[in-house]
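Q: Quick one: sequence plus predicted model below, questions after.
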Amino acid sequence: MNILVTGGAGFIGSNLVHYLLGAAADEIRPDINKVVTLDKLTYAGNYANLDPVEIDPRHVFVKGDIGDGKLVASLLREHEIDAVMHLAAESHVDRSIDAPEEFIETNVVGTFRLLEEFRRYIVETGKDKVDGYGKSIGDRGTCAFLHVSTDEVFGSLGPNDPAFHEETPYAPNSPYSASKAGSDHLVRAYHHTYGMPVITTNCSNNYGPYQFPEKLLPLMIRKTLKGESLPVYGDGSNVRDWLYVEDHCRGLAMALTKGEPGEIYVIGGKCEMKNLDVVHAIINTVRELAPERGIKSPEELITYVTDRPGHDRRYAIDPSRIGRDLGWEPRENFASGLKRTVQWYLDHEEWITSIEDGSYRGERLGTLA
């Protein structure tokens with residue numbers, strides 16, 4: 001089985017590459033022959049994220065854009081790709097508010113280019129005529145396209161609303177979530193129009209190693225270690241469902257190899273928390289794991305700032321379908337996953353320092369605030 005992972009030098013993508021070339025052999029499929037990582041290495045892509053697999057002969061890294069049809073076409077054919085796992089995306093809400101065009105170009109147009117090249121590839125190679133085409137890749141041994149999306153396409157929940165599920169209507173509220181919703185609809189259309197074997201997943205907020213430090217957890221961990229003010233939007237009562245990244249990657253692999261084409265699976269950590277409670281937990285966990293650093297108390301560190309425009313109040317995921325149909329369950333609760341995450345950042349301060357000073361891409365980024 002040869003897999004193309006787009007966005008594989010990013011946070012979730014790199015963790016997925018590690019998983020595919022590691023634990024997936026025992027937990028999902030023993031016959032993963034090659035993983036090809038395609039990443040443009042924009043600001044959130046970091047080649048150092050792939051250091052653990054750098055010498056693995058099964059891994060190939062290619063710097064490039066999913067919007068480059070000729071490159072994608074050549075990779076599909078050269079490496080005889082059996083499955084595409086599409087994670088390449090612009091994903092930071094604040095950046096989408098300031099510069100929405102990049103999000104449309106990457107998330108919508110880029111996904112379209114990738115779908116088109118994959119469609120041509122399976123037709124030209126005859127894989128769309130394979131007996132059993134349209135069943136899961138685990139049954140038929142031919143191609144599949146896994147599209148990784150977000151719960152933000154579903155909009156915002158009230159305090160007592162039921163959690164998002166696979167039939168929840170779309171109601172995106174930011175340029176980022178609207179661009180991901182557009183890409184989801186394209187993927188669905190390619191299945192219903194062309195019979196393409198696609199699977200879509202929508203996940204809740206991920207956290208774990210290698211996450212770019214503009215995101216909540218790594219940003220707050222770093223600021224806590226430095227004794228800097230921790231900005232919390234509004235009153236801090238916005239609720240998110242938190243999913244440890246390794247649990248997510250295992251769910252993606254299961255959806256690809258066991259899921260039914262045309263199906264949607266939402267993946268969540270069964271862990272709803274207010275943002276303010278998350279920040280308190282981060283501070284307390286850092287204090288517990290690094291007592292020698294003399295970390296300040298939450299009361300000394302937390303400050304409240306003006307809320308972001310269009311800030312969704314609550315996200316929650318009901319992952320019953322992927323649990324029932326594929327046997328997936330999260331292994332980490334928030335406390336255990338947070339300890340693993342904080343410890344990783346304590347052990348890899350040089351990684352985050354290289355991002356802060358810009359050396360990971362040969363330039364300074366300025367302050368991450």
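A: Alright, I've got the coordinates.

Q: Verify the assumption that residue 156 is located in a helix.
A: No - looking at residue 156 with DSSP: H, G, I helix; E, B strand; the rest coil, it is coil, so not inside a helix.

Q: Against residue 158, how distant is the closest residue to it other than its chain neighbours?
A: Distance criterion CB to CB, 6 or more residues apart in numbering; nearest residue to residue 156, sequence neighbours excluded, is residue 312 at 3.7 Å. Yep, even glycine has a C-beta here, placed from its N, CA and C like the rest. Counting by CB to CB, to the nearest Å, the gap from residue 312 to residue 158 is 11 Å.

Q: out of these two, which sits in the more crowded spot?
A: residue 312 (21 against 8; other CB atoms under 10 Å).

Q: Quick check: the more buried one touching residue 152?
A: Yes - judged on CB atoms under 8 Å, residue 312 makes contact with residue 152 at a distance of 6.8 Å.

Q: So for these two, which residues contact both of them?
A: Here residue 312 and residue 152 have 173-174 as joint contacts, going by CB atoms under 8 Å, 6 or more residues apart in numbering.

Q: residue ranges for the strands of the stretch 101-250 of the chain, please.
A: Assigned by DSSP state E, counting those that start in this stretch, the strands in the stretch 101-250 of the chain fall at 144-150, 198-203, 205-207, 230-233, 239-244.

Q: Residue nearest the middle of the protein, spatially speaking?
A: residue 12 (4.1 Å; CA atoms, centre = their mean).

Q: Could you measure from that one over to residue 209?
A: Counting by CB to CB, the gap from residue 12 to residue 209 is 11 Å.

Q: And residue 266, by the same measure?
A: From residue 266 to residue 209 the distance is 23 Å (CB to CB).

Q: With neighbour numbers in mind, choose between these two.
A: residue 266 (26 against 22).

Q: Would you confirm that the more buried one contacts residue 202?
A: Yes - the criterion here is CB under 8 Å, and residue 266 meets it with residue 202 at 4.7 Å.

Q: what do these two both touch?
A: 151, 164, 317.

Q: isn't the second one right up against residue 153?
A: No - using CB under 8 Å, residue 164 is not in contact with residue 153; the gap is 9.0 Å.

Q: Name the residues contacting each of these two.
A: In contact with both residue 164 and residue 153: residue 202, using CB under 8 Å, 6+ apart.

Q: Can you give me the neighbour number for residue 210?
A: 25.

Q: ugh, wrong one, I meant residue 20
A: 28.

Q: can you check the one 4 residues further on too?
A: Using other CB under 10 Å as the criterion, residue 24 is surrounded by 24 other residues.

Q: where do the contact lists of residue 12 and residue 209 overlap?
A: residue 245.

Q: Find the least confident helix or strand in this protein, judged by mean pLDDT.
A: helix 137-140 (a mean of 47; mean pLDDT, DSSP states H and E).

Q: residue boundaries of the helices in the stretch 201-350 of the chain?
A: 216-226, 245-258, 275-289, 298-301, 320-326, 334-347, 349-356 (DSSP state H, counting those that start in this stretch).

Q: if I look at residue 225, how far off is residue 285?
A: Distance from residue 225 to residue 285, by CB to CB: 12 Å.

Q: no, scratch that, I was asking about residue 226
A: Taking CB to CB, one finds residue 226 at 16 Å from residue 285.

Q: Of the two, give the one with the bigger neighbour count.
A: A direct count of neighbours by other CB under 10 Å for residue 226 and residue 285 places residue 285 higher, at 19 against 10.

Q: The more buried one and residue 340 touch, don't they?
A: No - counting by CB under 8 Å, residue 285 does not reach residue 340; the two are 10.1 Å apart.

Q: Quick one: residues contacting the closest residue to residue 203 other than its chain neighbours.
A: Distances taken as CB to CB, 6+ apart put residue 267 closest to residue 203, at 4.6 Å, once the chain neighbours are dropped. By CB under 8 Å, 6+ apart, the residues touching residue 267 are 201-204, 243, 248, 251-252, 255, 317, 319, 322, 328.

Q: Go again with 10 Å.
A: 148, 151, 201-204, 206, 241, 243, 247-252, 254-255, 317, 319, 321-323, 328, 330 (CB atoms under 10 Å, 6 or more residues apart in numbering).

Q: How about residue 115?
A: 66, 84, 86, 145, 147, 183, 186-187, 189-191, 194, 196, 198.

Q: What pLDDT is listed against it?
A: Residue 115 is assigned 97 on the pLDDT scale.

Q: Please apply the same query to residue 192.
A: With respect to pLDDT, residue 192 has a value of 93.

Q: Repeat that for residue 130.
A: 48.

Q: pLDDT score assigned to residue 205?
A: Reported pLDDT for residue 205: 94.
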